[in-house]
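Participant: How does the following fold in three dimensions:
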Amino acid sequence: MQKHRIRLIANLCRALFVATCAVLWAGAATAHARHIAAQSLPPAVHPPRTTASYLVDVDAHTADALNHFTPNAAFGVGVDSVPYHAVPEIYTPSNVTQMLGAGLGEVSYRLYTELSVQDWHWNPAGTFSAGTSGYWTSNAGLSKQIVDTYGYRLPRRGFTHDQGNDDDYSRLDDGETATFWKSNPYLSQQYTGDPDSAHPQWVLIDLHGKKTINAAKIWWATPYAVQYAVQYWTGGDAIYDQGHGAWANFPNGAVANGTGGTVTLSLGDAPKDVRYLRIVMTESSNSCTAPGSADPRDCTGYAIAEVGFGTISGGNFTDLVQHEPDRRQTVTYASSVDPWHEKADRVKDQEQPGLDIVFQSGVTRGLPAIVPIPMLYSTPDNAAAELRYLEARGYAIDRVEMGEEADGQFVTPEDYGALYLEFADALHAVDPHLQLGGPVFEDNSRDLKTWALTKHGETSWVKRFVAYLTAHGRMGDLNFFSFEHYPFGSCTNNKDEDNLLREPDLISNIVSVWRGDNLPAGLPMLVTETNYSQYETDAAQEVAGALWYAEMMGALLSTGANGAFFYEYEPIPLSPSDPCHGWGTYGVLLGDKNYKAQAPLSQYFAAQMLTQSWSVPGNGTHVLYPASTGSGDTWVVAYPLMRPDGLWSLLLVNRDFTNAHNVTVQFDTDGGTAFFSGNVNQVQFGPAQYGWIEQGRQSHPDPDGPPSTTTVAGGSGTEYTLPAESMTVLVGAVGAR
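Facilitator: Residues are numbered from 1 along each chain as shown. Okay, here's the model as predicted:
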């Protein structure tokens, strides 16, 4: 997810000159620009500007309930990687106390290393398969408290860019034939049980513009491909629009009896003008990277030292690929990466908080947490050891997420499915009752498409993933479906009224899309990471950020989904929200340069209202019902809740930044029409309680809460005033007229 790169760059910029930072920001923005464009938002529908009163009509018939949930599980929060040595500064008793004050429940631990093409040494103590290199397994035995953990770069990488630090490069075109890309051995038949042709591995080259191509040059390493094909893309954008187009073999691009070495292929007499090129591999030589190796992982998959594309004439090959050991190289992508690495590959400028300090600091409240396992760039043994360690410590685990953001790593659904099942086997050998899930999608607003396997074949990523698990008789291993939600990634879509008007449809539509992709009925669905924007835009610190969070949670739970995990808990300093305007941060608390909590932010108060006013804190069952606020679109949205204490609670959001609106409330129950009776507790949050003062790096909230609490009378015909740009919770008993 781009947000992780933005935050890491922000922290780095505090120690660098402005000019250097400008280059970093530009790179971060450019790397994600096409993805942002692909996720363009629909226009907001503006209701008429009117001061007329709205009737909030609550459908309280028992049979019409939308959802049953418990606050501890529904209102979660995430923790993530932080800059080097910040973990002890963040997880202090003072900070933790203030973090818990937001009232959020279960914790989801986010895994940044997956986004950076790194293997996570979740315990710094452990062993390599061969001395100081090879395949890593962290120590599952009890040891001293783990405070800091690190990722390790993978030297057999085939990506020019990644979505984390983006500080490495592809070995496919680094100009060094001594280095090489190698595919993940766990995707070979020896581990998947499928024919290798069922998991074709590929490398992709983006020439950044159509070029005339009639030849390829491949410097094979070992193991090499015996069967492979050189292909070109027939559609538009092969990366971010995979559903429109197809891969086609060059006329002479198919090779059935490859022998490795350095190969120059004449692809056909008629040159083609193409931008995206691919080498797809379906049968391996199964020769060993290290001759005589006893480790089968060294002897499966495919390896390429260098790849070139261009033209051939008179036996002379002209290469159009830029070969550089940095990001000046021609951009490449790869289907997978071998998790082999060395002790020297540790990343030193960013760390994951140790599992011990997270569980022992108090941030989890002793509630079961969602924990990740490294899957895309690690081994089943390392993942199983992590769960063995957690259970030996007695930590409460709710669910296990299998990797992070598979779509952002361009993993095909079949490859993700194969790894999912291999890792599931390893985890269930530790604990057969573990609840596993994924695929932790990025913030998609529509169905995720992947390259069709055949002409006119299925392109829905989720449908193909479900089909893979079904074909292997393993749908029972998918215990929940998870995805992320950052709806407002583009700085051009920053009109806050518009965004609030869009949000209910955005979240409900994507939930409907995933459910329509053949997921089993009743499968739990979780947003395991969410915030207003992909960028640290200051909009999240304004009142609008609070209203968005309230509205998103109400709309999400109305779909029957199980909950969302707000990103994030840690008090992080402000940073320039480039490429957007102003200075901002993620999270519920503003931190200083030493990560000490300084002030609660707008979403802190929204969380408090959701968890301590709208709902009753804890594990009591709450029932959510539908409500209407007049005919058609209105400025006011309402989410009614029957609480376990027997009281009704109504969450109201006024998305009109100009006008206050009055509402009357009635409940259509199984016993007839009813109204709030007696005294009604009214909690409100808006510009009168909170404001964001823009002063660059000194930006701050003033006033800084808390929400106002008053007592008002209930009864038929009572009007409740909702100030402009505000959220309100009404709590009271409901009775007849």
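
Participant: For residue 214, grab the count of nearby residues.
Facilitator: For residue 214, the neighbour count with other C-beta atoms under 10 Å is 20. (Each C-beta comes from the backbone N, C-alpha and C, glycine too.)

Participant: what sits against it?
Facilitator: 266, 267, 268, 269, 270, 271, 272, 311, 312 (C-beta atoms under 8 Å, 6 or more residues apart in numbering).

Participant: Name only those of the residues you listed that count as buried.
Facilitator: Neighbour-count burial (16 or more other C-beta atoms under 10 Å) is assigned, among the contacts of residue 214, to 266, 267, 268, 271, 272, 311, 312.

Participant: Confirm that residue 96 sits in a strand.
Facilitator: No. Assigned with DSSP: H, G, I helix; E, B strand; the rest coil, residue 96 falls outside any strand and is helix.

Participant: That one: neighbour count?
Facilitator: 16.

Participant: pretty sure it contacts residue 359?
Facilitator: No. The pair residue 96 / residue 359 is not scored as a contact, 12.0 Å apart, by C-beta atoms under 8 Å.

Participant: Let me know the secondary structure of residue 332.
Facilitator: strand.

Participant: hang on, isn't it packed against residue 208?
Facilitator: No. Assessed by C-beta under 8 Å, residue 332 is found out of contact with residue 208, at 11.5 Å.

Participant: Looking at these two now, which is surrounded by more residues?
Facilitator: Shown here are residue 332 and residue 208; by other C-beta under 10 Å, residue 332 has more neighbours (25 against 11).

Participant: who are the neighbours in contact with that one?
Facilitator: By C-beta under 8 Å, 6+ apart, the contact set of residue 332 is 158, 159, 160, 170, 172, 173, 203, 204, 205, 206, 307.

Participant: Quickly note the distance from residue 70 to residue 286.
Facilitator: 51 Å (C-beta to C-beta, to the nearest Å).

Participant: follow-up on the earlier one: filter the contacts of residue 332 down to the buried ones, ChimeraX style.
Facilitator: One line in ChimeraX is enough to select the buried members of these, burial here meaning 16+ other C-beta under 10 Å:
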select :158,159,160,170,172,173,203,204,205,206,307
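
Participant: which regions of the stretch 551-700 of the chain sit below the pLDDT cut-off?
Facilitator: Within the stretch 551-700 of the chain, the stretches with pLDDT under 70 are 578-579.

Participant: Show me where it has its strands.
Facilitator: 563-567, 575-576, 583-584, 589-591, 597-600, 622-624, 627-628, 636-642, 648-654, 661-669, 672-685, 690-693, 700-704 (DSSP state E, counting those that start in this stretch).

Participant: Throw the ones you listed into a markdown table and include distance to residue 400 and mean neighbour count, thanks.
Facilitator: Listed next are the strands of the stretch 551-700 of the chain as a markdown table, based on distance: least, C-beta to C-beta, whole Å; neighbours: other C-beta atoms under 10 Å:
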| stretch | distance to residue 400 | mean neighbour count |
| --- | --- | --- |
| strand 563-567 | 14 | 27 |
| strand 575-576 | 32 | 22 |
| strand 583-584 | 32 | 26 |
| strand 589-591 | 28 | 23 |
| strand 597-600 | 30 | 20 |
| strand 622-624 | 26 | 19 |
| strand 627-628 | 36 | 18 |
| strand 636-642 | 30 | 23 |
| strand 648-654 | 32 | 25 |
| strand 661-669 | 41 | 20 |
| strand 672-685 | 36 | 19 |
| strand 690-693 | 37 | 18 |
| strand 700-704 | 37 | 15 |
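
Participant: that older thread, which of the contacts of residue 332 fall within strands?
Facilitator: The strands, defined by DSSP state E, take in 203, 204, 205, 206, 307 from those.

Participant: ok, for the second one, nearest residue in space, not its chain neighbours?
Facilitator: In other words, residue 204. residue 333 (4.3 Å; C-beta to C-beta, 6 or more residues apart in numbering).

Participant: That'll do, ta.
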